[in-house]
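Trainee: Structure here, sequence nowhere to be found:
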């Protein structure tokens, strides 16, 4: 990621693509299994459906518990805001009208496999990063840049893990 100079209010975003030699049905099975995600992430520790749900649907909510060496541990409630099986799966963190982040997977059949993209947008709602920016407003652009680089790296790691699972027949977990 190259320096952008973005501030938090700019709603910076990052997207990472990966081509997977597996059909969209297999990739969808993995990316829509939010309980699988903690095993693919160094930051996300656990996920739990709310309101008696056991799977994704538009408007469904879940709690994600995360851990980061600089930010500590926290939990957030996310709301599924886009849900089109085999095409798009997205959730907004905290208030869906003013989220602290939006995360999205998009799938596209391509060349006998699947082009999978993971995209995330920081803000516009406040997040744990807002506290760090409040403490060091003169470093806002650097704080945002460093966090966006972390997101880019962790997304690439997650997508590579999804690719390996999708391309290994019969493997359901990491």
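Mentor: Looks like it came in fine. Nothing here was measured: the structure is a model prediction, and the numbers come from that model.
Trainee: low-confidence ranges in this protein?
Mentor: Within the chain, the stretches with pLDDT under 70 are 169-174.
Trainee: What are the boundaries of the strands in it?
Mentor: Taking DSSP state E to define them, one finds strands in the chain at 13-20, 44-49, 61-68, 72-84, 88-93, 101-110, 113-122.
Trainee: elements contacting the fifth one?
Mentor: Counting contacts by 3 or more CB pairs under 8 Å, 6 or more residues apart in numbering; DSSP states H and E, strand 88-93 packs against strand 72-84, strand 101-110. In this view, the C-beta of every residue, glycine as well, is placed from N, C-alpha and C.
Trainee: before we move on, what about the third one?
Mentor: With contacts defined as 3+ CB pairs under 8 Å, 6+ apart, strand 61-68 has these neighbours: strand 44-49, strand 72-84.
Trainee: Just list what the longest one packs against, helices and strands only.
Mentor: To tie it back to what came earlier, the one meant is strand 72-84. If contacts are counted by 3+ CB pairs under 8 Å, 6+ apart, strand 72-84 sits against strand 61-68, strand 88-93, strand 101-110.
Trainee: Describe which strands the second one pairs with in its sheet and in which direction.
Mentor: Using DSSP bridges, the strands paired with strand 88-93 are strand 72-84 (antiparallel), strand 101-110 (antiparallel).
Trainee: Nearest to residue 51, out of those?
Mentor: Residue 51 lies closest to strand 72-84 among these, at 10.5 Å (CB to CB).
Trainee: ok now the closest one, how far from the chain's centre?
Mentor: Offset of strand 72-84 from its chain centre (CA atoms, centre = their mean, to the nearest Å): 9 Å.
Trainee: in this protein, which helix has the most residues?
Mentor: Criterion DSSP state H: the longest helix present in the chain is helix 140-167.
Trainee: List the buried residues in it.
Mentor: Under the neighbour-count criterion of 16 or more other CB atoms under 10 Å, helix 140-167 has 140-141, 143-145, 147-148, 150-152, 154-155, 158-159, 161-163, 165-166 buried.
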